[in-house]
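Undergrad: Pasted the sequence and its predicted model underneath.
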Amino acid sequence: MARDEQWFRDLLDADGVLLPEANLGLDDTASFRVFSQDSATRIRSAKWGEFAKRFCDTRLGITTDKRYGVRDIVRDAARVVLAREGLSATLLVAVRAATDSDVAAAEAGERAAGTYGLAALAKRCKTLFVVEAHGGAAPSLAGEVDRAALLLSAILAGTELGPIVYPGAADVVGFKSAWTRFSATAPGDAPYR
């Protein structure tokens, strides 16, 4: 079955929220994971869109409206559309509670990078966004990084105020490092505003 818009809409309820039994088929370890300091497991596309436009010269939106009301959401997902000069993509993003294995991945990324501090921040975050990545994601191979997934992860890190764990726990970075890496892969200048 193709993972297209119709496939995705079939996984949502009438309010545009992911059905409890829905299987997105996302492999967390092969995806970017972005920690959030906000404990609500909700898609915050308006907030992301404002940040993307203001700081990353990028337009961002989602393909389906979300109507949460007052109910508790355990997990949700959205297809996020990104557009900027030289890049256009639609990526699947899921949100759920952060787990001990997510924190362990942040710690492994920190060891791999030889840095300190972001895993401690990850431990304090209650929510996690999983951003699908296609192709390579190794931080040292800038030409092989999934640029769209890296850009979306940077935008989420900038709005959710948590670190990003690279696929395979190859690294853990914050917004500034992710944006710098994205900019280094861009043809021409990628302004930070």
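TA: Happy to help now that I have it. Numbers count the residues shown, from 1 in each chain.
Undergrad: biggest strand in this structure, by residue count?
TA: strand 87-97 (DSSP state E).
Undergrad: Starting from that strand, tell me which strands it pairs with and how they run.
TA: Paired with strand 87-97 in the same sheet, following DSSP bridges, are strand 76-84 (antiparallel), strand 127-131 (antiparallel).
Undergrad: which residues are in contact with the last one?
TA: Residues outside strand 127-131 that contact it (CB atoms under 8 Å, 6 or more residues apart in numbering) are 26, 28, 31-41, 91-99, 102, 149, 152-153, 156, 160. Using the backbone N, CA and C atoms, a C-beta is placed for each residue, glycine as well.
Undergrad: how about stretch 77-86: buried residues?
TA: For stretch 77-86, a neighbour-count test (16 or more other CB atoms under 10 Å) marks 77-82, 84 as buried.
Undergrad: and the residues you listed as a markdown table, adding pLDDT?
TA: Converted to a markdown table, those look like this (pLDDT from 0 to 100):
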| residue | pLDDT |
| --- | --- |
| Ala77 | 97 |
| Ala78 | 97 |
| Arg79 | 96 |
| Val80 | 96 |
| Val81 | 96 |
| Leu82 | 95 |
| Arg84 | 93 |
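Undergrad: how about the helices in this protein?
TA: Taking DSSP state H to define them, one finds helices in the chain at 5-9, 45-56, 100-113, 118-124, 147-160, 175-185.
Undergrad: I'd like the ones you listed written out as a markdown table, with mean neighbour count, mean pLDDT and distance to Glu21 added.
TA: Converted to a markdown table, the helices of the chain look like this (neighbours: other CB atoms under 10 Å; pLDDT from 0 to 100; distance: least, CB to CB, whole Å):
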| stretch | mean neighbour count | mean pLDDT | distance to Glu21 |
| --- | --- | --- | --- |
| helix 5-9 | 13 | 94 | 15 |
| helix 45-56 | 18 | 95 | 24 |
| helix 100-113 | 18 | 92 | 22 |
| helix 118-124 | 18 | 93 | 28 |
| helix 147-160 | 25 | 96 | 26 |
| helix 175-185 | 19 | 89 | 33 |
